[in-house]
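In: Got a predicted structure plus its sequence, pasted below:
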Amino acid sequence: DSGVTQTPKHLITATGQRVTLRCSPRSGDLSVYWYQQSLDQGLQFLIQYYNGEERAKGNILERFSAQQFPDLHSELNLSSLELGDSALYFCASSVGVQGETQYFGPGTRLLVL
Amino acid sequence: AQTVTQSQPEMSVQEAETVTLSCTYDTSESDYYLFWYKQPPSRQMILVIRQEAYKQQNATENRFSVNFQKAAKSFSLKISDSQLGDAAMYFCAYRSGSGGSNYKLTFGKGTLLTVNP
C-alpha cells in the first residue's frame, strides 16, 4: 500500500458525460501528478499540482481539467467523454515539487461506452 | 524530449533463476533520475528501485539490482532468485533532475515478465 488513495476504483459511463476522479496523496506529500495509461498511448503524464497550484502540464486534453484543494486532495475532471478516453487513470504523489520519488495510487479504471 | 525504450516486450524466467530486463533512454541532460516500476495484474504501480544519475554506484534493493551505464544511456534491471510474485509488467521511467518546472515521469512501453514454476 503506497498510502495514495483514489476513488472510485471503477467507473462506467457513456459518451458525452462528465466524471470526476479523486485522489488523496500520502500524508505529508504536497505534489500530486495525474497519469493516463491506455493500450495505444502507454503511460502518459497529464498534469502536476504542488500545494494547490498547477506546476506542469503534459498531454492533457482541453476537455480535461484538474485542481488541488487546500487539504491537498486532487480531482481530475473529464468532460464530453469519448470512447478513446477509456483508460486507467493514476494519481501519484511526492513530498516536494521536484517529484523526487513518485508513489502511485491504485488507479481508477474508466470505461466509456 | 526524453525517450525511454524497452526493447523486450516479453521475457520469461524459471523460478529461482536470474533475469535481466533492458532499458535505454535518450537525453541531453546530465542530471536525472531513473526508476523501475512493477505493475502486477492488480494494476497497482509499485516502485522497485531508483537510481540517481550522479551516483556511480548501482542501486540495489534486496533481490533487485540495476546496471547503470551512463555513457551508454542504459539502465537494466536484474532480478535474482526470481519468485512467482515477480510476474508483472515492468516499466522503466526517466525523470529530469534539472532545474525547471516539469518533473514528470517518462515511461517506456514495458516488459511483461512471466515466471515459470
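Out: Sure, I can see it.
In: Pick out the residue closest to the middle of chain A.
Out: residue A:34 (3.4 Å; Cα atoms, centre = their mean).
In: does it count as helix, strand or coil?
Out: Classification of residue A:34 by DSSP: H, G, I helix; E, B strand; the rest coil places it in strand.
In: Isn't it up against residue A:91?
Out: Yes - using Cβ atoms under 8 Å, residue A:34 is in contact with residue A:91, at 5.8 Å. Bear in mind the C-beta positions are built from the backbone N, C-alpha and C, glycine included.
In: Show me which residues of chain A are close to chain B?
Out: A:2, A:33, A:35, A:42-45, A:48, A:55-56, A:58, A:88, A:90, A:92, A:97-104, A:106-107, A:109 (Cβ under 8 Å from any Cβ of the partner chain).
In: hang on, the earlier thing: find residues that contact each of residue A:34 and residue A:91.
Out: A:23, A:74, A:76 (Cβ atoms under 8 Å, 6 or more residues apart in numbering or on different chains).
In: Can you give me the distance of the second one to residue A:6?
Out: In other words, residue A:74. 10 Å (Cβ to Cβ, to the nearest Å).
In: neighbour count winner among those two?
Out: Remark: of residue A:74 and residue A:6, residue A:74 carries more neighbours, 24 against 19, as counted by other Cβ atoms under 10 Å in any protein chain shown.
In: now the end-to-end length of stretch B:5-24.
Out: From its first residue to its last, stretch B:5-24 covers 5 Å (Cα to Cα, to the nearest Å).
In: can I have the worst-scoring helix or strand of chain A on mean pLDDT written out in CSV, keeping just the CAs?
Out: Every helix and strand in chain A was compared by mean pLDDT, DSSP states H and E; the lowest is strand A:53-57, with a mean of 91. What follows is strand A:53-57, C-alpha atoms only, in CSV (Å, rounded to 0.1, in the frame of the first residue of the first chain):
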residue,chain,number,x,y,z
GLU,A,53,-1.0,25.4,-7.7
GLU,A,54,-0.6,23.9,-11.2
ARG,A,55,3.1,23.3,-11.9
ALA,A,56,3.3,21.4,-15.1
LYS,A,57,1.1,20.2,-17.9
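In: Which parts of chain A are strands?
Out: Applying DSSP state E to chain A gives strands spanning A:5-7, A:10-13, A:19-24, A:31-38, A:42-50, A:53-57, A:64-68, A:74-78, A:87-94, A:103-104, A:108-112.
In: returning to that earlier point: now the common contact residues for residue A:74 and residue A:6.
Out: A:22, A:23, A:91.
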